[in-house]
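Asker: Predicted model follows, preceded by the sequence.
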Number of protein chains: 4
Amino acid sequence: MWFSSDNAGPVAPEVMAALAAANAGYAASYGADPLMARVTAKIREAFEAPEAAVYLVSTGTTANALSLAMLCPPWATVFCHRNAHIEEDECAAPEFYTGGAKLTLLDGKDAKIAPESLARALSFTGRGGVHNVQKGALSLTNATENGAIYTPAEVAELAGMAHAEGVPVHMDGARFANALVRLGCTPAELTWKAGVDILSFGGTKNGLMGVEAVVMFDPKKAWEFELRRKRGGHLFSKHRYLSAQMDAYLTDGLWLRLAASANAAADRLAEGLRARQARLLHPVQANAIFTAFPRASHKRAQQAGAHYYFWPFNQSLEGPDDEMLSCRMVCNWSTTAEDVDALLAAL
Amino acid sequence: MWFSSDNAGPVAPEVMAALAAANAGYAASYGADPLMARVTAKIREAFEAPEAAVYLVSTGTTANALSLAMLCPPWATVFCHRNAHIEEDECAAPEFYTGGAKLTLLDGKDAKIAPESLARALSFTGRGGVHNVQKGALSLTNATENGAIYTPAEVAELAGMAHAEGVPVHMDGARFANALVRLGCTPAELTWKAGVDILSFGGTKNGLMGVEAVVMFDPKKAWEFELRRKRGGHLFSKHRYLSAQMDAYLTDGLWLRLAASANAAADRLAEGLRARQARLLHPVQANAIFTAFPRASHKRAQQAGAHYYFWPFNQSLEGPDDEMLSCRMVCNWSTTAEDVDALLAAL
Amino acid sequence: MWFSSDNAGPVAPEVMAALAAANAGYAASYGADPLMARVTAKIREAFEAPEAAVYLVSTGTTANALSLAMLCPPWATVFCHRNAHIEEDECAAPEFYTGGAKLTLLDGKDAKIAPESLARALSFTGRGGVHNVQKGALSLTNATENGAIYTPAEVAELAGMAHAEGVPVHMDGARFANALVRLGCTPAELTWKAGVDILSFGGTKNGLMGVEAVVMFDPKKAWEFELRRKRGGHLFSKHRYLSAQMDAYLTDGLWLRLAASANAAADRLAEGLRARQARLLHPVQANAIFTAFPRASHKRAQQAGAHYYFWPFNQSLEGPDDEMLSCRMVCNWSTTAEDVDALLAAL
Amino acid sequence: MWFSSDNAGPVAPEVMAALAAANAGYAASYGADPLMARVTAKIREAFEAPEAAVYLVSTGTTANALSLAMLCPPWATVFCHRNAHIEEDECAAPEFYTGGAKLTLLDGKDAKIAPESLARALSFTGRGGVHNVQKGALSLTNATENGAIYTPAEVAELAGMAHAEGVPVHMDGARFANALVRLGCTPAELTWKAGVDILSFGGTKNGLMGVEAVVMFDPKKAWEFELRRKRGGHLFSKHRYLSAQMDAYLTDGLWLRLAASANAAADRLAEGLRARQARLLHPVQANAIFTAFPRASHKRAQQAGAHYYFWPFNQSLEGPDDEMLSCRMVCNWSTTAEDVDALLAAL
């Protein structure tokens, strides 16, 4: 019963098969492998973006930090939600890759940026001229760190505000597929048609071993990205094994099926929690659940071997049985109905 | 009628005389001048810190950024007030010199950090292990950006909380003299005896041309500081002209007299404003005043040639006469009673 | 007939099997997987270094740049051969990760640092005090970029000179296994016993998919390494797939067998080249061959489908048939005697 | 008898007078002072460059490092002579300000870059694509660190080679005035007409207290420069005191007279040395002399109180009297014929 994170789950069998298939004989190194050409074509097609520049890296932190470095100079700031992964979980990688830019922390429910919070920050930033950092980039996370999603219209509203000030837009799509299948819109509608300039297109949390794509809808600065990636140590010599994973992911809609499976498990879990009077702290729109229930249930679950995190961390199994403790539970592509039911039974 | 900033004022005549005196013949370069030896001795004596390492730089931003770089590694965060100069007015110089550290913004009245805000931040930061930035340094500004001051006991409380977590303490003393003369305590009491590890000891805002000292009460890493200063382009070849300014500043209590003069002017101005029903937005404890009064008075003052800033900036002379607009007025060592009275008369 | 690089070859079947085996159910993320504990134990045992800190990253550039950042502050310099990978092939990744340190380029035959070249640089560097960069680290590559190897005694001589000046020692061991099996010494003899402080222990060029270990023989700063790795985006969430590769590599001497196989292929190729009057430009001590032969032979080889690089690059198939052109040919673990013979036949 | 460096000398009396004059009442801060407007106008006129962007900083290292950061991205390299100040005397400030670029060291007599050395480096750099650093900027020093000068034609030849490869050109003009008055050409001829894009226009070594101008002949990126300067801590609040120095420097040809005076002293010294059979190691074209003479003479000179540096440093007064030791002697604007004659007499 592992609900600690989607990255605790295994790799999808189709992806393992693709790796095995890629392991025949020789291939050109550093991204010149034929599989990468296929990946680029497939992503361009999926996003209806025939000019997009597409690159693979191996972690989400890298995809985000390199993307932000493309958009935000060292003397500017990245507008993001105060619970964004780039703020809370990347040990200042964006600061490192941008060369020392700031992050301006915005507010909003469910880890979604409230338009008025962005408006205030945009109007304030850089007002003092050279003394202040300048407006750099907007970063949206979809699905958010709280398992909520932005609709295309919501993305467009925030991106429009940013673009009106000359501020480009990044989307952290570590769980992009989970958002997309819930919304039922097209990838283009959720990204460039809504104003996203660069997308971190997640794969690792959704069944890959360790691959994320960076999709630059405007390819003008593609060469700069290549240099930044190499300089960060993120260009793989045996690149075909990244390509193979992403190629399998994009074949026959695997990426959408994996995400739909994780979302369905989360729905089942949410329903079961509701039925057991647990409190749901955020809407369940992707594959993560934030919930509160009595300590006694936590004790039972953890004794039964359930893995998940208290959220926030600083809570403990010590204390009165009826006190409500909050936690995060994340489903992944391989979470079965049986897994969910076993967890619910344990509570 | 210049109240825009203390840095709009002139250099004290004693300092000009010292520069002229220093301009005779040859002197060793890069800090090896005999005047610098005198400066070090005087600062050590003034602070009762016979081991302190003392260095001169030419701007406050430099003093702060280099000091923080000594205390905070790139993967850590500087705890500071959200209105601190290092956050609002240095265009990310601390981020640049630390190599990409974060600033964690704390709350508190009058730009003073509230102990509970620091406590919360200390308890939260780094909780997620390697995923988060670590606890780096605490930076206090005395006097604050809102013209308030920390007492030695207040500094000691905050510094004690920091030290308990292994976090060293920096004081931005751009207006250290203004705080000190108000408090009537010793320099040592307001710094190392209260837990300050590194002090940016301001001179420029208080009558020098462009000199700040960095005082490291623990000299262990002095050589590292020298390398950081040189590498930042902040080591002057004709260093004697920095030394001469600081030497004059520390002679016969000039620094204290200049600060007392600026504070007295601010007191007179505050009294006059109170008498005219202006609202004082922060306690007047140093040489800056934050006040609100009707637009009509602003119009009169500005027509009469008064220089000061709306605070916050986004206010305007356009609008109803009786609306209250807030502003900042700063006195400097050369501000006379006549200057103050002329401003008050103009309102 | 691929001799372009060892990274053009496939992954060893034992490693693919280990990845498949690791893909069952759930595992803790970010290096807390049980396989990583096994990897650490095996590397400590192999190197007779029970205290060593061991970390996995996915590229050689990363292993080198992070290692150098541990040893060399931003105001210092890394002494390395002018043909070192860190100078010629990493797009300034060491400069990026160190925060702007220099590389001081040394001379010596076969891309091995000549002791007198190191001596001269050590005596010169930092002589001007704060105006100069300081002595930072020594980096040795074994096997070198020209396919030569340092003996333990040679490593000890250079490392001893460095340590005498307080300079720590890094070894770029992208082809460490190839050097080791040729020398027949123990891993400890070629590293810490000879004065190496940090080793980039290569796997990717020798049959892994994309894994290198960083071995810090002194574990004191292990936590700093973890923060630097995370901040660089190099901490894998699904870390078990790195662990699995390295675990298989270290099982039953696989790493040594793979390297021995590559070296044997290189020996066979060298012998064949000698028999055909090709000139060998460097000793063939690992798995790379640098050779010169007439343009006509190059034409025949490339028509027959041979992949290798001219070395240096700026040579061309256009020109007189009897002109000597130099090139690099690299064998990998999967290079067969038939591959070699086919290439030789094609010449 | 101070010949250690031109920065050991005093400030010109005209400059001291200008500082005193500037010290009346209030002035706008941060470069908005009226004197700065005058400085900009005068530099534009002197250089026949009506669009040039002009900024003041306080050290030569800063002028160079900020200029290079404008021209060279972090993944590129600065081509410079191996004895350039940016390589030997700035403790990696260029690396710091560029965010980790490299310096590629070129050869040539008298610290002048030989065209063939530049050609070779240009043809080699970046050849390996993303694996290598790219071509960033060319930096020329005029007068050079060895006291030699580039003619306009020589600058044009090197700059032309650079521009042909898309590489912009920086000139380190710490001793620009010394070169200019020797050549008798116009400032424009020695800079933008010959292909220089950014000039570090020195003042400190030529009679100022601590001011250098950065002159960007193409003002397109002026705002970026302002942000970089502020972020580096190099924007002075009491900026009028920088402006006043530079304004006096540019008034009535003071800068040219000061340089001519220093050059004349150097000529007199060179003549005297030649007459005494000292060996001149480089042509004496500016205000620095590199010479070798017997140890016995060094002993006499140093006993008589002469200040100068052995060059290279690692020579000593211990040893046989007739051994030749080499040294550097630098004249400054205030060096008199008597000073020179006293030194010569002492030898």
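Answerer: Cool, got the structure.
Asker: State the pLDDT value of A:Met1.
Answerer: Here the pLDDT value assigned to A:Met1 is 85.
Asker: Near the closest residue to A:Pro10 other than its chain neighbours, how many residues? Count them for me, please.
Answerer: Leaving aside its sequence neighbours, A:Pro10 sits nearest to C:Asn23 (CB to CB, 6 or more residues apart in numbering or on different chains; 4.9 Å). Any C-beta I mention is one placed from the backbone N, CA and C, and that applies to glycine too. When neighbours are counted by other CB atoms under 10 Å in any protein chain shown, C:Asn23 registers 20.
Asker: Doesn't A:His282 lie inside a strand?
Answerer: No. Counting by DSSP: H, G, I helix; E, B strand; the rest coil, A:His282 is located in no strand; its state is coil.
Asker: hang on, it packs against A:Asn146?
Answerer: Yes. The criterion here is CB atoms under 8 Å, and A:His282 meets it with A:Asn146 at 4.3 Å.
Asker: who touches both of the two?
Answerer: A:Asp110, A:Ala111, A:Phe290 (CB atoms under 8 Å, 6 or more residues apart in numbering or on different chains).
Asker: Confirm A:Cys327 sits in a strand?
Answerer: Yes. A:Cys327: assigned to a strand according to three-state DSSP.
Asker: Run a quick neighbour tally on it.
Answerer: 21.
Asker: thought it was touching A:Ala292?
Answerer: Yes. Counting by CB under 8 Å, A:Ala292 is a contact partner of A:Cys327 at 7.5 Å.
Asker: What segments of the stretch 101-250 of chain A are strands?
Answerer: For the stretch 101-250 of chain A, the strands defined by DSSP state E, counting those that start in this stretch cover A:102-106, A:134-141, A:169-173, A:198-201, A:212-216.
Asker: how about the residues of the stretch 201-347 of chain A that lie near chain D?
Answerer: A:Glu224, A:Glu226, A:Leu227, A:Arg228, A:Arg229, A:Lys230, A:Arg231, A:Leu235 (CB under 8 Å from any CB of the partner chain).
Asker: sorry, back to before: closest one of the shared contacts of A:His282 and A:Asn146 to chain D?
Answerer: A:Ala111 (30.6 Å; CB to the nearest CB).
Asker: can I get the residues of the stretch 201-347 of chain A next to chain D in a markdown table with neighbour count and pLDDT?
Answerer: Shown next, in a markdown table, are those (neighbours: other CB atoms under 10 Å in any protein chain shown; pLDDT from 0 to 100):
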| residue | neighbour count | pLDDT |
| --- | --- | --- |
| A:Glu224 | 15 | 98 |
| A:Glu226 | 19 | 98 |
| A:Leu227 | 23 | 98 |
| A:Arg228 | 25 | 98 |
| A:Arg229 | 22 | 98 |
| A:Lys230 | 24 | 98 |
| A:Arg231 | 26 | 98 |
| A:Leu235 | 26 | 98 |
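Asker: more crowded one of A:His282 and A:Asn146?
Answerer: More crowded of A:His282 and A:Asn146, by other CB under 10 Å: A:Asn146, with 23 against 19.
Asker: That one is in contact with A:Leu280, isn't it?
Answerer: No. Using CB under 8 Å, A:Asn146 makes no contact with A:Leu280, being 11.0 Å away.
Asker: Between these two, which contacts overlap?
Answerer: In contact with both A:Asn146 and A:Leu280: A:Phe290, using CB under 8 Å, 6+ apart.
Asker: possible to save the shared contacts of A:His282 and A:Asn146 as a markdown table with distance to chain B, neighbour count and pLDDT?
Answerer: As requested, the shared contacts of A:His282 and A:Asn146 are exported to a markdown table (distance: CB to the nearest CB, whole Å; neighbours: other CB atoms under 10 Å in any protein chain shown; pLDDT from 0 to 100):
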| residue | distance to chain B | neighbour count | pLDDT |
| --- | --- | --- | --- |
| A:Asp110 | 20 | 19 | 98 |
| A:Ala111 | 16 | 22 | 98 |
| A:Phe290 | 16 | 22 | 98 |
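Asker: Just the ones in helices from these, please.
Answerer: Judged by DSSP state H, the subset of the shared contacts of A:His282 and A:Asn146 located in helices is empty.
Asker: Output the residues you listed as TSV; include the columns distance to chain C.
Answerer: Output for these, formatted as TSV (distance: CB to the nearest CB, whole Å):
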residue	distance to chain C
A:Asp110	23
A:Ala111	19
A:Phe290	19
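Asker: I'd like to know how far A:Asp321 sits from A:Ala278.
Answerer: Distance, A:Asp321 to A:Ala278, by CB to CB, to the nearest Å: 15 Å.
Asker: Can you show me the helices along chain A?
Answerer: A:13-22, A:34-46, A:60-71, A:85-88, A:93-98, A:115-124, A:152-164, A:176-183, A:187-190, A:222-231, A:240-249, A:254-275, A:295-303, A:337-346.
Asker: Let me know which of these is tucked in deepest.
Answerer: Highest mean neighbour count among those (mean count of other CB atoms under 10 Å in any protein chain shown): helix A:93-98, with a mean of 29.
Asker: show me where pLDDT drops low in the stretch 1-150 of chain A?
Answerer: For the stretch 1-150 of chain A, no stretch is flagged by pLDDT under 70.
Asker: and if we set it to 90?
Answerer: Low-confidence segments of the stretch 1-150 of chain A (pLDDT under 90): A:1, A:127-128.
Asker: what's the spacing between stretch A:44-58 and its chain's center?
Answerer: Here stretch A:44-58 is found 17 Å from its chain centre; the criterion is CA atoms, centre = their mean, to the nearest Å.
Asker: how about that stretch: buried residues?
Answerer: Of the residues in stretch A:44-58, A:Arg44, A:Ala46, A:Phe47, A:Ala49, A:Ala52, A:Ala53, A:Val54, A:Tyr55, A:Leu56, A:Val57, A:Ser58 count as buried by neighbour count, 16 or more other CB atoms under 10 Å in any protein chain shown.
Asker: cool, stretch A:97-111 as well?
Answerer: Neighbour count says stretch A:97-111 has A:97-108, A:110-111 buried, by 16+ other CB under 10 Å.
Asker: For the residue in the stretch 201-347 of chain A that chain B sits nearest to, which non-adjacent residue is closest in space?
Answerer: At 5.5 Å from chain B, A:Phe313 is the closest residue in the stretch 201-347 of chain A, using CB to the nearest CB. Closest residue to A:Phe313 apart from its sequence neighbours, by CB to CB, 6+ apart: B:Arg127 at 5.5 Å.
Asker: Can you tell me which of the buried residues of stretch A:97-111 comes closest to chain B?
Answerer: Ranked by distance to chain B (CB to the nearest CB), these are led by A:Gly100 at 3.8 Å.
Asker: Just confirm that closest one contacts A:Pro74, I think it does.
Answerer: Yes. With contact defined as CB under 8 Å, A:Gly100 and A:Pro74 form a contacting pair (4.8 Å).
Asker: anything in contact with each of those two?
Answerer: Residues touching both A:Gly100 and A:Pro74 by CB under 8 Å, 6+ apart: B:Ala92, B:Glu95, B:Phe96.
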